[in-house]
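Undergrad: here is my input; please provide its structure:
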Amino acid sequence: MRIGLLTDGGYPHADGESGLWCDRLVRGLSQHEFDLYALSRSARQEKLGWVSLPPQVGRVRTAPLWSAPPPTPPPATDGGGHHRELRARAVDPLEIAAGPEVHGITDRAAARYRHRDVFSPAEELYARVPRTVTGPGRVPVAVRGTPDDPDHRAAWTLHALLPGAACLATVGVLRLTEGALGTGARNALTAAGALLVFLTLRSAVATGPLRALAGSGRTALYTCWLLGYAVYGEELLAQVLSGGPDGHWPGTPAPLLGLSLAVVPATRCAHFFAVHARRRLAAGRTPEEFGAGARPVLLTSAALFLAALLPLMLLADLGYGGHGVPLSAYALGLLLFLARLETAHGLPAPAVTALAAACAVEAAAPVLVLGGRLPGLDLLARPVDVLVAAAGTGAVPALACGGAALGLLAHAAVALSRASAHHPH
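TA: Numbers count the residues shown, from 1 in each chain. All right, here's what the predicted structure looks like:
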């Protein structure tokens, strides 16, 4: 009979554990043949050699459980030839990771170069290599429209100007026709202007750094709700709290005008983030190093957007009498910017969740007040009453949009610091 004996840091190494009883076992069964499979635990153990082996030991195979100190990890490169073409055609980092795994590269081998697993360098390579498009009878070519394409940059800058121009045109026409048109005609004109702003906004986010290649989920629906609440929500809540609603209530279109003008800085800040994040990716040697460099770029982009939003909101407010811009308008602007930034980088689900949460809070406020009118349910309206009494009706959208924006910013600081979120379009 041939017996295989597997030892971990033991027999037949001279200083191996449990070497005595293993030696007695092998020598006591002299009528059988033995194959030894020994795992060593250190270089020192291998240098000490083996104990003398009896003749019934046919062969000995060893394998180390230790490794040399890891070398300095080289930056992941995009390779060349067949490998580069393969990576350029990949639609997911898993396709790139499958190649090394087929050739026996495991997580343990990747760890020698300070990578978390085989998927970590795959994510880096996926982000570094420009994508290609193929089709029937077409030769693979690099996709145009990357953030550094000058021709495309001029096109998406022009598209970003359209929502603000459409909103300004609508406001101008309403001002010129004030007193000349009836209420029905003005409402129709307002609806037509809102539709025009919506269409130009969709055109603006369909190109450039805010383009979402993987789809945007229900962000359009939730965005329309949030913009509508920014115009009419506070007055509606005030009427509900006073016993209404009673008939028509006026809106405050200044936030909508300011946000439509802010599409241009939002696009430029998204471009700033994309370009500088990819520079960090090209210079970084490890995912951790890239993440540490990408997070400050994200925070800088958000701060630049808020700095640009502030004067635009003030100018829009001056056009409507200078009654002051509510804090909720700035919170809404930041929320929409972060939501679109994550969506453009292939993360629509967190953006949809944040927008839906803000909509839910805004919708819950008047519902709770109305529910509090029922006998015995006055406690439902208590949180809204306390909040409005302390900070006014604008506190509800400020809390809703501000909380959602902070949560989305925290998520983006983690998700957008991964290499897989920055592959070229």
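
Undergrad: what pLDDT does Arg340 get?
TA: Each residue has a pLDDT score; the one for Arg340 is 90.

Undergrad: likewise for Leu370?
TA: Confidence score, pLDDT, at Leu370: 88.

Undergrad: ok, now which ones touch it?
TA: Leu370 is in contact with Val240, counting by C-beta atoms under 8 Å, 6 or more residues apart in numbering. (C-beta placed from N, C-alpha, C; glycine too.)

Undergrad: from here on, call the first residue 260.
TA: Let's use 260 as the start, then, which means that last one is Leu629.

Undergrad: any idea how far Thr652 is from it?
TA: Taking C-beta to C-beta, to the nearest Å as the measure, Leu629 falls 15 Å from Thr652.

Undergrad: just Ile262 next, same as before
TA: When Ile262 is compared with Thr652 (using C-beta to C-beta), they lie 83 Å apart.

Undergrad: pick out whichever of those two has more residues nearby.
TA: Using other C-beta atoms under 10 Å as the criterion, Ile262 and Thr652 rank with Thr652 on top: 22 against 14.

Undergrad: in which helix or strand would I find Ala322?
TA: Here Ala322 sits within strand 316-323, counting by DSSP states H and E.

Undergrad: check Thr266 too.
TA: Following DSSP H and E, one finds Thr266 within strand 261-267.

Undergrad: low-scoring stretches of the stretch 460-609 of the chain, by residue?
TA: Along the stretch 460-609 of the chain, segments meeting pLDDT under 70 span 472-476, 506, 541-546, 580-581.

Undergrad: show me where it has its helices.
TA: Secondary structure of the stretch 460-609 of the chain (DSSP state H, counting those that start in this stretch): helices at 478-500, 513-520, 522-542, 546-577, 586-603, 607-630.

Undergrad: next up, the contacts around the closest residue to Ala615 other than its chain neighbours.
TA: Using C-beta to C-beta, 6 or more residues apart in numbering and skipping the chain neighbours, the partner closest in space to Ala615 is Tyr481 (5.6 Å). Residues near Tyr481 by C-beta under 8 Å, 6+ apart: Val611, Leu614, Ala615, Ala617, Cys618.

Undergrad: how about Ala567?
TA: By C-beta under 8 Å, 6+ apart, the residues touching Ala567 are Ala521, Pro524, Cys528.

Undergrad: try 10 Å this time
TA: Contacts for Ala567 (C-beta atoms under 10 Å, 6 or more residues apart in numbering) come out as Leu520, Ala521, Val523, Pro524, Ala525, Arg527, Cys528, Gly592.

Undergrad: roughly how far apart are the residue nearest to Ala615 and Leu600?
TA: The gap separating Tyr481 from Leu600 is 16 Å, by C-beta to C-beta.

Undergrad: over to Ala615?
TA: To Leu600, Ala615 is 17 Å away according to C-beta to C-beta.

Undergrad: comparing those two, which residue is more hemmed in?
TA: The neighbour count for Ala615 versus Leu600, taken as other C-beta under 10 Å, is higher for Leu600 (26 against 17).

Undergrad: pretty sure that one contacts His670?
TA: No. Look at Leu600 against His670 with C-beta atoms under 10 Å: they stay out of range, at 11.1 Å.

Undergrad: joint contacts of those two?
TA: Common contacts of Leu600 and His670 (C-beta under 10 Å, 6+ apart): Leu606, Ala610.

Undergrad: what separates the strand holding Thr266 from the chain centre, distance-wise?
TA: Its chain's C-alpha centre and that of strand 261-267 lie 51 Å apart, by C-alpha atoms, centre = their mean, to the nearest Å.

Undergrad: quick one: residues in contact with it.
TA: Residues outside strand 261-267 that contact it (C-beta under 10 Å, 6+ apart): 270-272, 275-278, 281, 284-285, 288, 291-300, 315-317, 319-321, 324.

Undergrad: for it, buried residues please.
TA: Judged by neighbour count (16 or more other C-beta atoms under 10 Å), strand 261-267 contains these buried residues: Leu264, Thr266.

Undergrad: what do you get for stretch 441-454?
TA: Arg445, Thr449, Gly452, Ala453.

Undergrad: buried sites along whichever strand or helix holds Leu667?
TA: Here Leu667 sits within helix 654-674, counting by DSSP H and E. By neighbour count on 16+ other C-beta under 10 Å, the buried set for helix 654-674 is 654-664, 666-668, 670-672, 674.

Undergrad: same question for stretch 530-550: list its buried residues.
TA: For stretch 530-550, by 16+ other C-beta under 10 Å, it's 530-533, 535-537, 539-540, 543, 545-546, 548-550.
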